[in-house]
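J.: I would like to see how this sequence folds:
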Amino acid sequence: MKHHVAKVAAICHYHIRPLRQIRRRVGQEVTTPLVLAVVIARLEYCNAALAGLLQATVAVQRVQNAAARLIFKLKHSTL
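T.: Predicted coordinates:
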């Protein structure tokens with residue numbers, strides 16, 4: 001399960017990187033649905049199977065924090 005959790009988190013972070021470049025050119029109105037569709041949907045898939053695992057909780061929380069920072073243009077230290 002550790003490998004699966006790490007892979008899902010890595011894929012989500014991989015998709016967040018190009019969205020940062022798009023965020024600079026488009027507004028929050030466009031970025032939010034993109035993040036929800038690409039990143040958060042991937043996290044929600046098989047979420048029930050990962051529930052209760054500490055490592056999964058930490059990895060998912062990190063991805064969610066990165067997505068929130070992207071959407072609201074926050075610095076790393078604010079979340």
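
J.: ok, for Asn64, nearest residue in space, not its chain neighbours?
T.: Just to correct that, residue 64 is Gln rather than Asn. Take Gln64 and drop its neighbours on the chain: the residue closest to it by C-beta to C-beta, 6 or more residues apart in numbering is Leu43, 7.1 Å away. The C-beta positions use only the backbone N, C-alpha and C, and glycine is treated the same way.

J.: That neighbour and Gln61 touch, don't they?
T.: No. Using C-beta atoms under 8 Å, Leu43 makes no contact with Gln61, being 10.0 Å away.

J.: Among these two, which residue is more densely surrounded?
T.: Per other C-beta atoms under 10 Å, whichever of Leu43 and Gln61 has more neighbours is Leu43, with 19 against 12.

J.: if we can go back for a sec, quick one: what helix or strand has the residue nearest to Gln64 in it?
T.: Here Leu43, judged by DSSP states H and E, is contained in helix 41-44.

J.: list the buried ones in the longest helix along the chain?
T.: The longest helix of the chain (DSSP state H) is helix 2-25. Within helix 2-25, the residues that qualify as buried by neighbour count (16 or more other C-beta atoms under 10 Å) are 5, 8-9, 12, 15-16, 19, 23.

J.: quick one: which of those residues is nearest Leu34?
T.: Nearest to Leu34 among those: Leu19, at 6.0 Å, using C-beta to C-beta.

J.: I'd guessed that closest one sits against Thr32; true?
T.: No. Judged on C-beta under 8 Å, Leu19 makes no contact with Thr32 at a distance of 10.4 Å.

J.: Show residues contacting the strand or helix carrying Glu29.
T.: Here Glu29, judged by DSSP H and E, is contained in helix 28-35. With contact meaning C-beta atoms under 8 Å, 6 or more residues apart in numbering, helix 28-35 is reached by 16, 19, 22-23, 67, 70-73.

J.: One more pass at 6 Å, please.
T.: 19, 23, 67, 71 (C-beta atoms under 6 Å, 6 or more residues apart in numbering).

J.: Stretch 56-75 too?
T.: 5, 9, 12, 16, 19-20, 31-32, 35, 39, 43, 50, 79.
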